[in-house]
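Q: Give the three-dimensional model of this entry:
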Amino acid sequence: MSRTPGAVSIALEPVIEARGISRLFGSLPALDGLDLLVGRGESLLLLGPNGAGKSTLLRTLATLLRPSGGSLRWFGAEVPAGDRPALRRRIGLLSHQTFLYDHLTAGENLRFYAGLYGLPPAEATLCRALKEVGLDDRRAEPVRTFSRGMQQRLAIARAFLHRPALFLLDEPFTGLDRHGADLLQALMRERILDGATSVLATHDLPAALPLATRVVILAAGRVVLDRPASDLDAPGLEALYRGATRGAAGTGMPT
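A: Numbering: from 1, shown residues only. Predicted structure coming up:
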């Protein structure tokens, strides 16, 4: 596999192995021969300018998109199309799209997803999930009556409900107030301590950097920097980001 300057060598059990993956939209490459290894228990912060391929990568890792080329393995194995429902039960996806049903109540949404995840519809499990995100007293209300922040909190409960081994998070702090962001951070810390693996793309560095064990920066669909996060603060990361993405469009890094 080609090595990127500063790339991290994975000695952990691999959860994600992407080798030379590409994804074309028409003739335009969103991912361009991307290599990425993520080991069990890692918390990877994914950065890059607009159009770098972050959302495309996460959707590909979530099996919502198929790569146009290259190889992709999850948990040590390639996954045929027919086996993807079983794989999805091991993944928690959280993004600016909530994947909730507006006409269902909060409790009904979680009960529906519990069925998809193969969980028994235990009321205690649903109650605990709603309580973790501060919505236990709103379980009987339709989602269409919720504010954007409340919908995102319910989406957090949906993504964490089945205690997945792999979390994929695309701008998960969108729509959350400070309390909601704190709830998400606390849940992520708990799952990381339990050994879960996460890949998180965000512009909210103060919220995300404390959760990260590793930083990967994309530009033009490729990894341009890959390094541990242990000795980084926000100013140091911004300097690395600007250097790694120099020449790419939209490289300004939000604060």
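
Q: ok, which stretches of the stretch 101-250 of the chain are strands?
A: 166-170, 197-201, 214-219, 222-228 (DSSP state E, counting those that start in this stretch).

Q: now the longest one and strand 214-219, what's the angle there?
A: This points to strand 222-228. 160 degrees (axes from the mean of the first three to the mean of the last three C-alpha atoms, to 10 degrees).

Q: Which strands or helices does strand 222-228 pack on?
A: Packing partners of strand 222-228 (3 or more C-beta pairs under 8 Å, 6 or more residues apart in numbering; DSSP states H and E): strand 28-39, strand 214-219, helix 234-244. (C-beta placed from N, C-alpha, C; glycine too.)

Q: for these, which one sits closest to residue 122?
A: strand 28-39 (31.3 Å; C-beta to C-beta).

Q: by contact count, what packs against that closest one?
A: Other elements packing on strand 28-39 under the criterion 3+ C-beta pairs under 8 Å, 6+ apart are strand 14-25, helix 54-61, strand 197-201, strand 222-228.

Q: and the ones you listed, which is most packed in?
A: strand 197-201 (a mean of 25; mean count of other C-beta atoms under 10 Å).

Q: centre of the chain versus that one, how much separation?
A: Remark: strand 197-201 is offset 4 Å from the chain centroid, using C-alpha atoms, centre = their mean, to the nearest Å.

Q: who does it pair up with?
A: Looking at strand 197-201 with DSSP bridges, its partner strands are strand 43-47 (parallel), strand 166-170 (parallel).

Q: what sits up against the last one?
A: Contacts made with strand 166-170 from outside it, assessed by C-beta atoms under 8 Å, 6 or more residues apart in numbering, are listed as 15-16, 54-55, 58-59, 61-62, 74-75, 90-96, 159, 188, 191, 196-202.

Q: Next, the angle from it to helix 54-61.
A: 150 degrees.

Q: likewise the first one?
A: Between strand 43-47 and helix 54-61, the angle comes out at 140 degrees (the same axes, to 10 degrees).

Q: who's in contact with residue 22?
A: Neighbours of residue 22 in contact, by C-beta under 8 Å, 6+ apart: 29, 31, 32, 33, 34, 67, 68, 69, 70, 221.

Q: Spatially nearest residue to it (excluding sequence neighbours)?
A: In space, and not counting its chain neighbours, residue 22 is closest to residue 69: 4.3 Å by C-beta to C-beta, 6 or more residues apart in numbering.

Q: who touches that neighbour in this structure?
A: 20, 21, 22.
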